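*Asks:* Provided below for reference: sequence and predicted model.
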Amino acid sequence: MKRLFLIRHAKSSWDHPGLDDIERPLNKRGKRDAPFMGSRLKKFNINPDMIYTSPAKRARKTAKQIALNIGYPVEKIEQHAGIYTSDMNRLLLLVQETENSIDTLFLVGHNYVLTDFAEYLTGEVFGNIPTCGIVGVAFPIESWREVHQEKGEMLFFDYPKKHRHEGDV
């Protein structure tokens, strides 16, 4: 059994329009949501064997905050440039090339491709994975090479706004 958790980076800041896209940081809400979603994963005892992240600052910070909240060593997080400029084929290849000793993989990246990838893998319709949203997918396989279209079963779909009360930011 292999498990893949697709995690969209937390909300980013647009306060500095001259900043390169890859350098955009998290905004106040993003800095709140990433640790919160990490605590959600910890609550359900979901621990990765590996975390892959886009090199974009907002994705790296999201991955780091989640790692800190679940007790995953931040120095073991791997950056993959292809996640930043990704399409579904690149993501699929990255997953399929993952070492089989890894049973649980977190992939921290960007929309629209994460939503498309989640739909491709599960056959479910998400429409949009919100910022800091997580889709957990299980595969009844022994090798990551066996990951293909609609081979995955959705475990859950969670995101910060599900847990906010009226009037929250």
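*Replies:* Yep, that arrived. On a predicted model such as this, the values are computed, not experimentally measured, just so you know.
*Asks:* can you give me the helices for this structure?
*Replies:* The residue ranges that make up the helices of the chain, judged by DSSP state H, are 28-43, 57-70, 81-84, 88-96, 113-122.
*Asks:* flag every buried residue along the last one.
*Replies:* Across helix 113-122, burial judged by 16 or more other CB atoms under 10 Å covers 113-115, 117-122. Where C-beta positions appear, they are placed from N, C-alpha and C, glycine not excepted.
*Asks:* of all the residues you listed, which comes closest to residue 103?
*Replies:* For residue 103, the nearest member of the buried residues of helix 113-122 is residue 121. The distance, counting by CB to CB, is 16.4 Å.
*Asks:* excluding covalently adjacent residues, which one is nearest to the closest one?
*Replies:* Once its chain neighbours are removed from consideration, residue 121 has its nearest residue in residue 152; the separation is 4.1 Å (CB to CB, 6 or more residues apart in numbering).
*Asks:* check what pLDDT the one you found gets.
*Replies:* We note a pLDDT of 97 for residue 152 in this prediction.
*Asks:* number of residues surrounding it?
*Replies:* Using other CB atoms under 10 Å, the number of residues around residue 152 comes to 24.
*Asks:* so what does the helix or strand of the chain with the lowest mean pLDDT touch, helix or strand wise?
*Replies:* Of all the helices and strands that make up the chain, the one with the lowest confidence by mean pLDDT, DSSP states H and E is helix 81-84; it has a mean of 93. Contact analysis of helix 81-84 by 3 or more CB pairs under 8 Å, 6 or more residues apart in numbering; DSSP states H and E lists helix 88-96, strand 104-109 as its packing neighbours.
*Asks:* can you tell me the closest non-neighbouring residue to residue 37?
*Replies:* Closest to residue 37 by CB to CB, 6+ apart is residue 132, at 5.1 Å.
*Asks:* ok, residue 90 next?
*Replies:* Nearest-residue entry for residue 90: residue 82, 4.6 Å, with adjacent residues in sequence omitted and distances by CB to CB, 6+ apart.
*Asks:* for that neighbour, give me its contacts.
*Replies:* Applying CB atoms under 8 Å, 6 or more residues apart in numbering, we find residue 82 in contact with 90-91, 94.
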